[in-house]
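Visitor: 3D, please:
(chains A and B)
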Amino acid sequence: GESVGLHLPTLSVQEGDNSIINCAYSNSASDYFIWYKQESGKGPQFIIDIRSNMDKRQGQRVTVLLNKTVKHLSLQIAATQPGDSAVYFCAEGSWGKLQFGAGTQVVVTP
Amino acid sequence: DAGVIQSPRHEVTEMGQEVTLRCKPISGHDYLFWYRQTMMRGLELLIYFNNNVPIDDSGMPEDRFSAKMPNASFSTLKIQPSEPRDSAVYFCASSLSLNNEQFFGPGTRLTVL
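Guide: Numbering: from 1, shown residues only, chains lettered A, B, ... in the order given. Predicted coordinates:
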């Protein structure tokens, strides 16, 4: 969920399993939502986005679900691979400005 | 395209010194964003430009920070004078339009001693 602090929530997933990363957003007026992946020492990398007029969108091995009623966003990664280990950020957008969540550390174990 | 280019990748300076960070957005992108990332505050938007014009600088922490975009292919973020609490990773990003994917550069890791 949305929080600011030193400690990132961590999701430990076994290779081959499905991952679900959750995010609670704050602004009911947000009309655009994005998931980014950030590997150590690199900039955030776009994964998938969704507009507020949709509730589900699928990409390659990833699915984003949007529940506007409870202001909740989730990212599902199918058949998690070692290369999926990273910090995942959700971001909500309104008038072009993105507000990022604190991030979730995903660790893929063999 | 090489993507968003930032320089330097690492900068170590002493308190009180001027620091200039540079960014080259992706060609054809009309929007450019400057972000700061720290463990305590995460990713924060500092300022963004549309067609070289600053649109929203409400995230700029204080007057010591300034940003310019003299042309479509270059932007700078300047801190003068720098302070230890400015230590962070600074990212530049660009996008084709609002509410569209933002492409991030590799970042500049700034350490102010």
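Visitor: Contacts for the helix-or-strand element of chain A with minimal mean pLDDT, please.
Guide: Lowest by mean pLDDT, DSSP states H and E among the helices and strands of chain A is strand A:97-100, with a mean of 88. Contacts to strand A:97-100, defined as Cβ atoms under 8 Å, 6 or more residues apart in numbering or on different chains, come from residues A:26-27, A:30, A:34, A:36, A:89-93, B:33, B:42-45, B:48, B:56, B:102. The way it works is simple: take the backbone N, C-alpha and C, and place the C-beta from them, glycine included.
Visitor: Show the contacting residues for A:Asp31.
Guide: By Cβ under 8 Å, 6+ apart, A:Asp31 lies in contact with A:Arg51, A:Ser52, A:Gly93, A:Ser94, B:Asn99.
Visitor: Run a quick check on the last one versus A:Tyr32, I expect a contact.
Guide: This means B:Asn99. Yes - at 4.3 Å, B:Asn99 counts as touching A:Tyr32 under the criterion of Cβ atoms under 8 Å.
Visitor: Show me whatever sits in contact with both of these two.
Guide: Common contact partners of B:Asn99 and A:Tyr32 (Cβ under 8 Å, 6+ apart): A:Arg51, A:Gly93.
Visitor: interface residues of chain B facing chain A?
Guide: Counting by Cβ under 8 Å from any Cβ of the partner chain, the positions of chain B adjacent to chain A are B:4, B:31, B:33, B:39-45, B:48, B:56, B:91, B:93, B:98-99, B:101-107.
Visitor: Apply 6 Å and report the result again.
Guide: B:Met39, B:Arg41, B:Gly42, B:Leu43, B:Phe91, B:Leu98, B:Asn99, B:Glu101, B:Phe104, B:Gly105, B:Pro106, B:Gly107 (Cβ under 6 Å from any Cβ of the partner chain).
Visitor: Count the residues that sit near B:Leu32.
Guide: Residues lying near B:Leu32 (other Cβ atoms under 10 Å in any protein chain shown) number 29.
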